[in-house]
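Visitor: just a sequence and a predicted model for now, questions to come.
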Amino acid sequence: MRVKILYIMGSGRSGSTLLDTVLSDQAQMFGTGELCNLLSAMDIWRSYCACGERSAGCPFWVQVRREWSRNARTDPAIEYPSLRSRFERVRSYPRHHDATNEPSMRRYFELTRSLFQAIATVSGATTIVDSSKGPVRALALSRMDDVELHVIHLVRDVRGVAFSNGQKFKSDPKGGIMTPLNGRSWTRAAVNWMLVNSVANRVRERLGNRAILVRYEDFVMRPTQTLQRISAFSGLDFGPTAEKLESGGFFKAGHAIEGNRLRMHNRIELKPDVRWREQMSRTKKVLLPLLTAPVSWRYGYRPTNG
């Protein structure tokens, strides 16, 4: 079975959950959320699916896992976590330069492919939207047989990402926050943003016409034009979704397995989050684009447009 995958890559807090939810809101599309975390969500964190059930008890994911095991002829939990860690982390990027045929990589491809096939079988969808975000995972998916891959490199102004990372939240498992979030320092958030997007830039360049750059700000401020670009790029028709947005429609995440707490909301609307413009200090608004240049500037984010 040939599977079509629309993959969203980029750094955390860039709006991938929102984009995933909007893109998968039509027939023959299924949004998984951060699919890379499926086994952890079910077996370790016991977090909640967007449907409101514990991931380990969600009928949809239980059926997917059963189908995945049948396809793989084994329990994927035995092998897959270590394989995914080996071939998807940012530091694994150099490993993908050579088209190696080592057995462990072939096994990783086999198990990953069978997971997507299981989701397609259970959901009935022809296109799977995966917002796992990791750029090295995108590169790995591009090397798999029987996969038609389109990658959206989603970027957001580093100031917006740093501001979001700095927020604190109490534990709210049913609301999508399993443990308290104490906030990340703005310098650490900026370094991570620059590292992930630097690798994502390289992956996008390697994939050529199979990847496209989309800015969060363009998506939330000019959604119709952005969806038209994604339609032309992917060959998928997002016209009905654009019409729904223009009429003020709202969305639901369905069975997103992991991602931003937004996925747990019953009514998700497309609203730009630009609180950093009013609440971030002038010093940070100037320094962050400077510290992350030229990555920031490549996307059009400069101290003068904050």
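Guide: Yes, it's here.
Visitor: rest of the way, CA atoms for contacts and neighbours
Guide: Noted.
Visitor: what comes up buried for stretch 136-149?
Guide: 136-142, 144, 147-149 (16 or more other C-alpha atoms under 10 Å).
Visitor: including pLDDT and secondary structure, could those residues go into CSV?
Guide: Converted to CSV, the buried residues of stretch 136-149 look like this (pLDDT from 0 to 100; DSSP: H, G, I helix; E, B strand; the rest coil):
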residue, pLDDT, secondary structure
Val136, 95, helix
Arg137, 96, helix
Ala138, 97, helix
Leu139, 94, helix
Ala140, 93, helix
Leu141, 95, helix
Ser142, 94, helix
Met144, 91, coil
Val147, 93, strand
Glu148, 96, strand
Leu149, 98, strand
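Visitor: adding distance to Val295, write the residues you listed out as a markdown table.
Guide: Shown next, in a markdown table, are these (distance: C-alpha to C-alpha, whole Å):
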| residue | distance to Val295 |
| --- | --- |
| Val136 | 18 |
| Arg137 | 21 |
| Ala138 | 20 |
| Leu139 | 20 |
| Ala140 | 23 |
| Leu141 | 25 |
| Ser142 | 24 |
| Met144 | 29 |
| Val147 | 30 |
| Glu148 | 29 |
| Leu149 | 25 |
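Visitor: packing partners for the host helix or strand of Asp20?
Guide: Remark: Asp20 resides in helix 16-23, with elements defined by DSSP states H and E. Packing partners of helix 16-23 (3 or more C-alpha pairs under 8 Å, 6 or more residues apart in numbering; DSSP states H and E): strand 3-9, strand 29-33, strand 127-133.
Visitor: nearest to Ile78, of these?
Guide: strand 127-133 (20.9 Å; C-alpha to C-alpha).
Visitor: what packs against that closest one?
Guide: strand 3-9, helix 16-23, strand 29-33, helix 103-123.
Visitor: ok, and what's touching the second one?
Guide: Okay, so that is helix 16-23. By C-alpha atoms under 8 Å, 6 or more residues apart in numbering, the surrounding residues in contact with helix 16-23 are 8-10, 29, 31, 33, 129-131, 133, 154, 238, 241, 251-253, 259-260, 262-263, 270.
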